Structure formats: C-alpha cells, structure tokens
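> requesting a structural model of the entry that follows:
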Amino acid sequence: MRILITGASGQVGSELVRAWDLHGERDIVVALNREALDVSDRSAVMERITAERPDAVVNCAAKTAVDNCENDRDGTFSVNTSGTAHLAEACVGIGAHLTTISTDYVFDGTKREPYTESDPTNPLSVYGQSKLAAEKTLHQALQAGNTSQGLSATVVRTSLVFGAYGSNMVKAVLTQLRSGKVLYYVTDLVACPTSAADLASVLLRLTRERVTGLFHVANQGVVSRFDLACAVARAAGEDTDRVLPTTTSSPPQPHAATRPAYSALDCTTLASTGEPLLRHFTEPLVELVEELTAC
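Numbers count the residues shown, from 1 in each chain. Here you go, the predicted model:
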C-alpha cells in the first residue's frame, strides 16, 4: 500500500510517519511537509498526487495556532478548508482514500456531557469554522459516493493533542516548570487530552482499511487545562503547588479566539468499527514526560 502524508513534520504527521515506518516494509510512505507540498495550492496538489498515485492520503496539514488563525481568516480557510477540498479532488481522480483530521472546536461547548458525532456544531473561532467547512466539503463529496467517481474518506475529530513533536501544552508546561516560575492554567476549559502517537495508530488502521465516515478519536479522561497541567507536574516529579488555577476571563490579555468551555468527545462510534477505545490519557502522558525529561 502506498501512502502519502501531508503536514508530515507536524506533531501528528511525525507520529504517523513513525507509526507507518514501524508497521512493516510493505507500506511505502511519501512524507511531505509544507515546503514539499502546500495544500492550499490546487495545481501543486493535483500535480503531486497524480504523480505519486498513492492508494491513500492522510492530511495532517493545517493551521492550528488558534489565536493566530483568528487574525488570518483567509489564510486559515485557504489551508484548512480549500486545502482539504484540493486533496479530495485529487484523490477522486486516482481512486485514493482520504483521511483528514478535524477538531473538537467545531462545537460551542454549551453541552455538559461528551459530544457525539451527530451533535449540532457551532464553532466559536475561525479555526473551528475552517475545520467545519472542510468537513462539510467532504460530506458533500461523500454524498456523491454512489458513483464510481465518488470519494472514499475518513474524518477524525480529536482534541488537545500532545506529543514529542511540535508545540503543545504538555511541552509548554514542562518548559515552564523548568523555569521555576508559578504556572497559571484555567479551570473553565475542559476537554479530552489526546496522545499524538495513540491518535496516529488509529489513523493508520482506519486508512489502511479505508473505513469511511466521521469518528471522534481521543484518549479517555476529561479534564480542565489546570488538571492537565497538574498531571504533567506529577509525571515530572514536580510540586503541583506551583500550578495555580485561573479562568479564561482572568488574564489581562485574553486569547484572541474563543474556545469551547466543554468539548469532551464521545468515542463510542469508533469502537463500533472494531477499534478499541484509547487508553486513559495519563498513560501516554507519563511515557511522554519520561521521554522528554530523559535527556
């Protein structure tokens, strides 16, 4: 099976490349970072996908800096929405399966129990809006799947991703702990932390088996950013007294983007495909902290 991965140098893309490398020699991975393929460039996407002719494409390319996205709506939609549409068009042309990553930020956070795939969406940020628009683009293409030229696609919503690559909250907390300063994290943003490595293993399986549809994929455990910061401190053997609670309204310079207050994901639909639920987030968290603090 020949796989092409976009955004291959990001935190999920890097883990996916590693997962596929470990999977075996029969898979041929074409790993492309933004410099190698800008998904917002339709002609470049069509040319590269047609030349490589992969059996499947996993789209990890995205603008994910939520506050920066708020100040660059056109650029965010160009990558997150149009980029996904370009890949879908190219995949239809060669009969390749497309897997792409979406987000819990498609929800507004007013619910107080985990969101299912069928719950109404109402994104509060440009980032969430761009990802929902990408989902709708693929949904429309999937509706045409009753023809031989229809799209085969998987959309995976995930949340609060952490890992060894790229920027994420766990790495930020470790850096702050090393500085010796007091840390402030909010109690009123609640979600499911997700290991990039665990997420990559699910993406690999869904892509290889060309499982179509929309799935929520996150590690078990629902916590606030404050709770997660405390968990990182404990895993690093640091005093949790240095982590203090605050709220989103407290900082003198609030974030540019509004986040959903509660965006835990219900992942039972994933289990219906035969994929076991991911382990509790504390297990991969401890593994990651050990890895990052070993050197």
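> which residues touch Gly7?
13, 32-34, 39, 59-62 (C-beta atoms under 8 Å, 6 or more residues apart in numbering). (Glycine included, C-beta is placed from N, CA and C.)
> weed out the non-buried ones from these.
13, 32-33, 39, 59-62 (16 or more other C-beta atoms under 10 Å).
> and the helix ranked longest in the chain, what other elements does it pack with?
Counting residues, the longest helix found in the chain (DSSP state H) is helix 126-143. Counting contacts by 3 or more C-beta pairs under 8 Å, 6 or more residues apart in numbering; DSSP states H and E, helix 126-143 is packed against helix 66-70, helix 73-77, helix 83-94, strand 97-103, strand 152-158.
> mind showing which ranges of this structure have poor pLDDT?
24-26, 143-149, 251-254, 295 (pLDDT under 70).
> all helices of it, in order?
Under DSSP H, the chain gives helices at 11-23, 42-52, 66-70, 73-77, 83-94, 126-143, 169-179, 196-208, 225-235, 268-271, 282-293.
> now do the third one: everything it contacts.
It refers to helix 66-70. Under C-beta under 8 Å, 6+ apart, the answer for helix 66-70 is 63, 76, 105, 125-127, 130, 255-257, 259.
> would you turn the helices and strands packed on helix 126-143 into TSV with mean neighbour count and distance to Arg53?
Listed next are the helices and strands packed on helix 126-143 as TSV, based on neighbours: other C-beta atoms under 10 Å; distance: least, C-beta to C-beta, whole Å:
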stretch	mean neighbour count	distance to Arg53
helix 66-70	18	32
helix 73-77	16	28
helix 83-94	22	5
strand 97-103	26	13
strand 152-158	24	15
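> any chance of a markdown table for these, columns distance to Ser250?
Shown next, in a markdown table, are the helices and strands packed on helix 126-143 (distance: least, C-beta to C-beta, whole Å):
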| stretch | distance to Ser250 |
| --- | --- |
| helix 66-70 | 17 |
| helix 73-77 | 27 |
| helix 83-94 | 36 |
| strand 97-103 | 25 |
| strand 152-158 | 28 |
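> which one of these lies nearest to Arg18?
strand 97-103 (16.3 Å; C-beta to C-beta).
> and the closest one, what does it pack onto?
Looks like strand 97-103 contacts strand 56-59, helix 83-94, helix 126-143, strand 152-158, helix 196-208 (3+ C-beta pairs under 8 Å, 6+ apart).
> next, find the distance separating the residue lying closest to His255 once chain neighbours are set aside from Ala257.
Leaving aside its sequence neighbours, His255 sits nearest to Asp67 (C-beta to C-beta, 6 or more residues apart in numbering; 5.3 Å). Separation of Asp67 from Ala257 (C-beta to C-beta, to the nearest Å) stands at 5 Å.
> can you check Arg234 too?
Applying C-beta to C-beta to Arg234 and Ala257 gives a distance of 29 Å.
> same deal with Thr100?
Taken as C-beta to C-beta, the span from Thr100 to Ala257 is 21 Å.
> buried among the contacts of helix 66-70? Make that a PyMOL selection.
Here is the PyMOL command that selects the buried residues among the contacts of helix 66-70 (16+ other C-beta under 10 Å):
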select buried, resi 63+76+105+125+126+127+130+257+259
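> report the two of the contacts of helix 66-70 separated the most.
The widest separation within the contacts of helix 66-70 (C-beta to C-beta) is 16.9 Å, between Ser130 and His255.
> quick check: nearest residue in space to Thr282, chain neighbours excluded?
Of all residues not flanking Thr282 in the chain, Ala231 sits nearest, at 6.1 Å (C-beta to C-beta, 6+ apart).
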